[in-house]
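Participant: Here you go, sequence then predicted model.
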Amino acid sequence: MPLTSPSRRTFASPRRFATMPTPGGVSVEAELGTLGGIEEDVSGHVQLTNPDQAVEFINRTGVDALAVAIGTSHGAYKFKSAPVLATDLVRTISDRTHKPLVMHGSSSVPG
């Protein structure tokens, strides 16, 4: 599923930073998908990262690392029950993108 009708900002902002000279080896990370919780006017809606979209996003932006949505939660709202994480997505996205993956909203994920 390609990123159909993305806004120009979807790619432009991360691409702009990823292509800047970075003294000291600064890397650029971007997030694709949405996490549950309360942040940036997103409340409770989760959109897991799609592996095809992850490949397209990385190819079009050149980011160094990708924060993936796999069922974790951002912000003040945390899980009311045990989280259900789509751990299979981590391996799939990693195998397809060959980039470091980052997990946001993981402070309430049990060890």
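Facilitator: Now that the structure is in, tell me what you want to look at.
Participant: just the strands in the chain please.
Facilitator: 29-32, 36-39, 42-43, 65-68, 73-75, 101-103 (DSSP state E).
Participant: and those strands, which one is worst for confidence?
Facilitator: Mean pLDDT per stretch puts strand 42-43 lowest among the strands of the chain, at a mean of 54.
Participant: burial of the residue nearest to Ile70 when sequence neighbours are not counted, as a residue count?
Facilitator: Leaving aside its sequence neighbours, Ile70 sits nearest to Ala86 (C-beta to C-beta, 6 or more residues apart in numbering; 4.6 Å). Yep, even glycine has a C-beta here, placed from its N, CA and C like the rest. By other C-beta atoms under 10 Å, the residues close to Ala86 number 15.
Participant: Surely Ala86 is in contact with Pro51?
Facilitator: No: under the criterion of C-beta atoms under 8 Å, Ala86 is not in contact with Pro51, lying 10.7 Å apart.
Participant: Where do the helices of the protein begin and end?
Facilitator: Secondary structure of the chain (DSSP state H): helices located at 8-18, 51-61, 87-97.
Participant: In this structure, where is pLDDT below threshold?
Facilitator: Low-confidence segments of the chain, defined by pLDDT under 70, span residues 1-14, 17, 20-23, 36-45, 74-82, 107-108, 110-111.
Participant: try 80
Facilitator: Along the chain, the parts satisfying pLDDT under 80 run over 1-26, 34-46, 73-84, 105-111.
Participant: check contacts around Ile70.
Facilitator: Contact analysis of Ile70 by C-beta atoms under 8 Å, 6 or more residues apart in numbering lists 48-49, 85-87, 89-90, 103.
Participant: Emit the ChimeraX select command for whichever of those residues are buried.
Facilitator: For the buried members of the contacts of Ile70, the matching ChimeraX selection, counting by 16 or more other C-beta atoms under 10 Å, is:
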select :48,49,89
